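Undergrad: give me the fold of what follows.
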Amino acid sequence: MKVVAPKIGETIYDGAVGSGGFLVEAYDYLTTTYPKRSLKDDDILQKKTFYGKEVKSLAYIIGIMNMILHGIEAPNIKHTNTLAENINDIQEKDRHDIILANPPF
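TA: Numbering: from 1, shown residues only. This is a model prediction of the structure:
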């Protein structure tokens, strides 16, 4: 996580969430790096930082559960196939600052 070095206020996305490991590690990094956070920073971390998509039903449920158990109370994870999306339909509001992913091969 030190290589990517996310900051509070940046959005972090995983297009194939799986168990949510990348997003959980990013959350742990942010909470450790910024131990003296304001209430506003905590709200941003909880609601406006972590995003992802997962196509498999069981992995989707496990990923959300794992994130909740590790302190991310409101994961922004969608149950959909990232690879089925048309790249031309992606708008500015759908873009993220950091992408963490294990490419699905």
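
Undergrad: confirm L45 sits in a strand?
TA: No - counting by DSSP: H, G, I helix; E, B strand; the rest coil, L45 is not found in a strand; it is helix.

Undergrad: could you measure the nearest residue to Y29 once chain neighbours are set aside against D89, distance?
TA: In this structure, Y29 finds its nearest non-sequential neighbour in M1, 3.9 Å apart by Cβ to Cβ, 6 or more residues apart in numbering. Using the backbone N, CA and C atoms, a C-beta is placed for each residue, glycine as well. For M1, the distance to D89 (Cβ to Cβ, to the nearest Å) stands at 30 Å.

Undergrad: counting neighbours, go ahead and name the busier of the two.
TA: Neighbour count, other Cβ atoms under 10 Å: between M1 and D89, M1 has more, with 15 against 7.

Undergrad: ok, that one touching E25?
TA: Yes - at 5.6 Å, M1 counts as touching E25 under the criterion of Cβ atoms under 8 Å.

Undergrad: measure G9 to A84 for me?
TA: Distance from G9 to A84, by Cβ to Cβ: 30 Å.

Undergrad: pull up the distance across stretch 4-16, start to finish.
TA: 18 Å (Cα to Cα, to the nearest Å).

Undergrad: need the contact partners of that stretch.
TA: Residues outside stretch 4-16 that contact it (Cβ atoms under 8 Å, 6 or more residues apart in numbering): 20, 22-23, 26, 29-30, 34, 37, 41, 44-45, 48-55, 82, 96-104.
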